[in-house]
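Undergrad: Return a 3D structure for these sequence lines:
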Amino acid sequence: MAWHAVYRTPADALKEHVSNAIDEHLKARLAGTALTHCHVRFHLDRRHITIEYPYGMSRPEFESALQRVADSEKRSGSAGTIGRLGIANFAVTPSLVKLPRLLAELTKLHLPADAGKRVGLELYFDPSGRGRVAIQHRGVTVIEDLGNTTAYGLEESVYGQGSVRGAIDADFLVPLPSRSGFEENDDWVALLDLLDGYRKTLEAEVQMHLTSHRARQAADIQERALRIAREILDLDEFQDLALPTGLAKKRRKTAKEGLKGIEVETKKRKKKVSPPTQGDLLAPRGTHIRYEEVAFENNSAAHSRFVSGVVEANTLHPDYVHAARSVGPLR
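TA: Residues are numbered from 1 along each chain as shown. Next comes the predicted model:
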C-alpha cells in the first residue's frame, strides 16, 4: 500500500479503512442486511498489509467508483456515515462558515464566451485577516489558497489578502495529475479574467465590512474601559472618596440632601437657595479649594471628605496617625 502518496501517516491509512467499514456497516443496517458485529482484521508481513472486513463492493459499484476518484456518494447517502467526503487529501469538509456573505447575488456565474461553463462562488468576509480562497473542481479542493498560487496577479488582490474566505468552484477546469493545480489553458485564463472583473466590487464590500468591524471594536474597547473604571471606583478603597464639583460619582440623593441649602416657604411656595460655598466660586485659575485637618465624628473610618469647598482630612484615621508619627512635629 503506497500510503505516502495519499495519506500523511500509515496510521491515517489504517483509520481510513476502519471508517469505511463502519460506514458500510451502518448502510447495511438500514438495508436490514447487517451482521451482528463488524470486524476489521489486519494481516501484516514484511512487505504487505492485508485488510479484511465483511462488507465489500459489487462489480458495478467498483466500476462506478473508478470513474469518481476523490468524490464520494456520502453526499447523498441516508446513513449517518462518519467518514468525510472523499479520501485523504482529496477529502472535503462541509462548510460551517457563519460570516458576512460577499457577492451574495453572484453565487453562480458563467464564462462570457461559454454560458455552459459555470462558476460557483461562496465567499465571506473574514475579520481575522487569515482567510483563504480555495479553488475547487466539482466540490473537491485543488488549490487551497489562491494567495499562494500564480494567478497572473490575482493572488495579490483582495482575493488573496486574508479578508476573504471561501471557495470558487469551476468544474470545467482540468486538474493536474498531482492535484496541485490546474492546467493553465484558455479556461483557466478566462476564469481569472472573470474574477478580476468583480474585483473592485469585492474590494468595496470588504472595505465596508472592515470599517464596520473596526467601529465595533472601538466601541467594545470603550465599553470595556468604562466598565473597568466603574469597577475600580466601586472598590472599598474608593468608597469614601468625595470628588470636587463636576467629578463626583452620580448617585440618588437622600431626602436630607435634597433639602440641604433650600428653605421651603410653605405659604408663598418659594425656594431660597443658600449662598455659594467657597468650592463653587470661580477664580481666574479655577475653583478655590481649602484644606483642613479635622477629627471626624462618630468614629468615622473615612480618610477624607469634601464639604463646601473644603477638603477635610480625618485626624483620627489610623493612616493619618501613623503618618503624623513618622514625620514628627513640623518646625
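Undergrad: for the stretch 201-331 of the chain, which spans come out with low pLDDT?
TA: Across the stretch 201-331 of the chain, the ranges flagged by pLDDT under 70 are 236-288, 327-331.
Undergrad: Helices of that one, start to end?
TA: Secondary structure of the stretch 201-331 of the chain, counting by DSSP state H, counting those that start in this stretch: helices at 255-259, 318-327.
Undergrad: Please apply the same query to the stretch 1-150 of the chain.
TA: Assigned by DSSP H, counting those that start in this stretch, the helices in the stretch 1-150 of the chain fall at 10-31, 59-66.
Undergrad: Show me what the strand ranked longest in the chain is packed against.
TA: Across the chain, the longest stretch assigned as strand under DSSP state E is strand 114-125. Counting contacts by 3 or more Cβ pairs under 8 Å, 6 or more residues apart in numbering; DSSP states H and E, strand 114-125 packs against strand 101-102, strand 108-111, strand 164-170, helix 186-197, helix 199-233. For glycine as for every other residue, the C-beta is placed from the backbone atoms N, C-alpha and C.
Undergrad: out of these, deepest packed?
TA: Comparing the helices and strands packed on strand 114-125 by mean neighbour count (mean count of other Cβ atoms under 10 Å), strand 164-170 ranks first with a mean of 22.
Undergrad: Quickly run through the sheet partners of it, with directions.
TA: Partner strands and pairing direction for strand 164-170 (DSSP bridges) are strand 114-125 (antiparallel), strand 133-137 (parallel).
Undergrad: Let me know which of the helices of the stretch 1-150 of the chain is tucked in deepest.
TA: Of these, the one with the most neighbours on average (mean count of other Cβ under 10 Å) is helix 10-31, at a mean of 16.
Undergrad: In PDB, list the C-alpha atoms belonging to it.
TA: Presented in PDB, the C-alpha positions along helix 10-31 are these (Å, rounded to 0.1, in the frame of the first residue of the first chain):
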ATOM      1  CA  PRO A  10       0.400   4.800   7.900                       C
ATOM      2  CA  ALA A  11      -2.000   5.200  10.900                       C
ATOM      3  CA  ASP A  12      -4.200   7.500   8.800                       C
ATOM      4  CA  ALA A  13      -4.300   4.900   6.100                       C
ATOM      5  CA  LEU A  14      -5.500   2.200   8.500                       C
ATOM      6  CA  LYS A  15      -8.000   4.600  10.100                       C
ATOM      7  CA  GLU A  16      -9.500   5.200   6.700                       C
ATOM      8  CA  HIS A  17     -10.400   1.500   6.300                       C
ATOM      9  CA  VAL A  18     -11.900   1.300   9.700                       C
ATOM     10  CA  SER A  19     -14.100   4.400   8.900                       C
ATOM     11  CA  ASN A  20     -15.100   2.800   5.600                       C
ATOM     12  CA  ALA A  21     -16.000  -0.500   7.400                       C
ATOM     13  CA  ILE A  22     -18.200   1.300   9.900                       C
ATOM     14  CA  ASP A  23     -19.900   3.300   7.200                       C
ATOM     15  CA  GLU A  24     -20.700   0.100   5.200                       C
ATOM     16  CA  HIS A  25     -22.000  -1.500   8.400                       C
ATOM     17  CA  LEU A  26     -24.300   1.500   9.000                       C
ATOM     18  CA  LYS A  27     -25.600   1.300   5.400                       C
ATOM     19  CA  ALA A  28     -26.200  -2.500   5.800                       C
ATOM     20  CA  ARG A  29     -28.200  -1.900   9.000                       C
ATOM     21  CA  LEU A  30     -30.500   0.500   7.100                       C
ATOM     22  CA  ALA A  31     -30.900  -2.200   4.400                       C
END
